[in-house]
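Colleague: quick one, fold the following:
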Amino acid sequence: MKRKNLFLLIIVIPAIVYSCKKNPEPVMPAPATNYPDFSQLKTGNYWIYEQFDINPAGEATSKKIFDSCYVEKDTVINNKIYHKIVKPVFYNATQKEISFQKDSLHYIINSNGKILFSSQDFSTILNYGYIKGGEKDTISKVIRQMADKNTTVTTAAGTFATLNAKETCLMYPKWSFAGNPRYRHSKYAENVGIIIETLPFFASSPNYIERRLVRYHLN
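Modeller: Numbers count the residues shown, from 1 in each chain. Have a look, this model is predicted:
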């Protein structure tokens, strides 16, 4: 009898060990990644900017013009929530430029699906397009890509570490007499938004106009 019981015990023990190996502890899902906020898209937030002329030597002269950008409201487009951004048209302060934007992981995207910014992706071309001077006249090809990671800039609002959503404008020969390529910059700071923004330039002039942050309010 004892020998029989010992035989059964030898059989049972491996079975128990085997069954334990078949039932490991459950693997918990990894927590969702929280990316830093560079957009601050909340209703009531606003930013005040001063405009500067920038000559080819990089010298800045204030135009004594101040403008504002603000988040007016939220709205639903194609079943997704976007934020309505209002700012003046650069050549006519009485007119308003409207865009609808949202955060998506580490990207800022507008309602047309165009990627405006990424805090993580510094290798991919975010978007590209063409500036037209007429139905058959192309002025430049525009390529938007992240650049200048953690570059420090100073404005009247303070000193900020920024990431630059940089546009490279490859001018077509007819329009290249004032420089080729031309560049536009949108420099974002974490938990603030856009600190410096290059406005659309005139192909006939080598100068640029920049908006530089003076003050801001975030809810």
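
Colleague: check which helix or strand covers the nearest residue to W47 once chain neighbours are set aside.
Modeller: Closest residue to W47 apart from its sequence neighbours, by CB to CB, 6 or more residues apart in numbering: Y216 at 4.4 Å. C-beta coordinates here come from the backbone N, C-alpha and C atoms, glycine included. Under the criterion of DSSP states H and E, Y216 resides in strand 208-217.

Colleague: and that strand, what's its mean pLDDT?
Modeller: For strand 208-217, mean pLDDT is 97.

Colleague: off-centre distance for it?
Modeller: Relative to the centre of its chain, strand 208-217 is centred 17 Å away, using CA atoms, centre = their mean, to the nearest Å.

Colleague: same thing with stretch 94-111?
Modeller: Distance, centroid of stretch 94-111 to centroid of chain: 9 Å (CA atoms, centre = their mean).

Colleague: quick revisit: from the contact counts, what lies against the strand holding Y216?
Modeller: strand 46-54, strand 60-77, strand 138-155, strand 193-198 (3 or more CB pairs under 8 Å, 6 or more residues apart in numbering; DSSP states H and E).

Colleague: please name the strands paired to that strand in the sheet, noting orientation.
Modeller: strand 46-54 (antiparallel), strand 193-198 (antiparallel) (DSSP bridges).

Colleague: present the ones you listed as a markdown table; the columns should include mean neighbour count.
Modeller: Below are the strands paired with strand 208-217 laid out as a markdown table (neighbours: other CB atoms under 10 Å):
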| stretch | mean neighbour count |
| --- | --- |
| strand 46-54 | 19 |
| strand 193-198 | 22 |
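
Colleague: can you say which of these is nearest to T159?
Modeller: T159 lies closest, by CB to CB, to one member of the strands paired with strand 208-217: strand 193-198, at 9.6 Å.

Colleague: which residues sit against the closest one?
Modeller: Residues outside strand 193-198 that contact it (CB atoms under 8 Å, 6 or more residues apart in numbering) are 38-40, 45, 47, 49, 69, 153, 155, 157, 160, 162, 167, 183-189, 208-213, 216.

Colleague: now, of these, which are buried?
Modeller: 38-40, 45, 47, 49, 69, 153, 155, 157, 160, 162, 167, 184-189, 208-213, 216 (16 or more other CB atoms under 10 Å).

Colleague: average model confidence for whatever helix or strand F160 lives in?
Modeller: F160 is part of strand 158-171 when elements are defined by DSSP H and E. Strand 158-171 shows a mean pLDDT of 97.
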